[in-house]
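>>> here is the input, now give the coordinates:
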Amino acid sequence: MKNGILLYPVIISEYNDDGHYYVATSPNIPGMITQGTTLTDTAYWTEDAIATMINGSDYPETVDPSNWKLKDNDKLVYITVDMTRWIKKNTRTVKKTITVPEYISNLAKKNNINVSKVATDALKRALNIDDD
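Residues are numbered from 1 along each chain as shown. Reported below is the predicted structural model:
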C-alpha cells in the first residue's frame, strides 16, 4: 500500500427486478455489500463500504479475480480506496492535555493563538501528513 491507496476488484451486479439498481460485493472483503442506482453511484458507495469494513484492521491482500465466476449481469470493477483520505474525512477530534511553559501559554493567549491548531499542525508536519 503506497500512501494509503488500495485497489480491490469487486463484482457489481445489475438488477431489474424491483426497479433498476446495482449491487456490489467482493470476495476480498467478506460480508461487504452495498448498492446504488447507477454504476458510478455504486462504485462510490463501494469505496466507502470497503473502507468502513477494513478500517482499524490489517488491510486484506487483493485476491486475483481471474478465477471468479461471473454471471451475465455481473461486471468486474476495480475500486480504488484511499484509506488516508477516508480516515481523515471520518475521524472526529479528541481532547488531549498538553503541558507548555506558563509564559508561552500566556503569550499564546495574549496573541490569540489557537494552541490546539498549532499542536495539530506541528504533529502533521512531524508525521509527514499532507491535507490535500
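>>> domain-wise, how is this structure divided?
Domain ranges of the chain: 5-89, 92-132, per automatic domain parsing.
>>> which residues does stretch 25-36 contact?
With contact meaning CB atoms under 8 Å, 6 or more residues apart in numbering, stretch 25-36 is reached by 8-11, 13, 21-24, 42-46, 48-50, 53-54, 60-63, 65, 68. The way it works is simple: take the backbone N, C-alpha and C, and place the C-beta from them, glycine included.
>>> gap between the two ends of it?
Taking CA to CA, to the nearest Å, the first and last residues of stretch 25-36 lie 12 Å apart.
>>> and the longest helix anywhere in the chain, what does it pack against?
Secondary structure of the chain read by DSSP state H shows that its longest helix is helix 39-54. Here helix 39-54 touches strand 5-15, strand 21-25, strand 33-36, strand 74-82, helix 83-89, going by 3 or more CB pairs under 8 Å, 6 or more residues apart in numbering; DSSP states H and E.
>>> by how many degrees do it and strand 74-82 diverge?
Between helix 39-54 and strand 74-82, the angle comes out at 60 degrees (axes from the mean of the first three to the mean of the last three CA atoms, to 10 degrees).
>>> go through the domains of the chain and find the least confident stretch.
Mean pLDDT is lowest for domain 92-132 among the domains of the chain, at a mean of 86.
>>> what sits against the residue in the chain sticking out farthest from the centre?
For the chain, the residue at maximal distance from the C-alpha centroid (CA atoms, centre = their mean) is Tyr103, at 40.9 Å. By CB under 8 Å, 6+ apart, the contact list for Tyr103 is empty.
>>> which SSE is it in?
Using DSSP states H and E, Tyr103 falls within helix 102-110.
>>> next structured bit after that helix?
With DSSP H and E, the next secondary element past helix 102-110 is helix 115-126.
>>> hmm, back to that, the contacts of stretch 25-36, buried ones only, as a ChimeraX selection?
Here is the ChimeraX command that selects only those of the contacts of stretch 25-36 that count as buried (16 or more other CB atoms under 10 Å):
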select :8,9,10,11,13,21,22,23,24,42,43,46,49,50,53,54,60,65
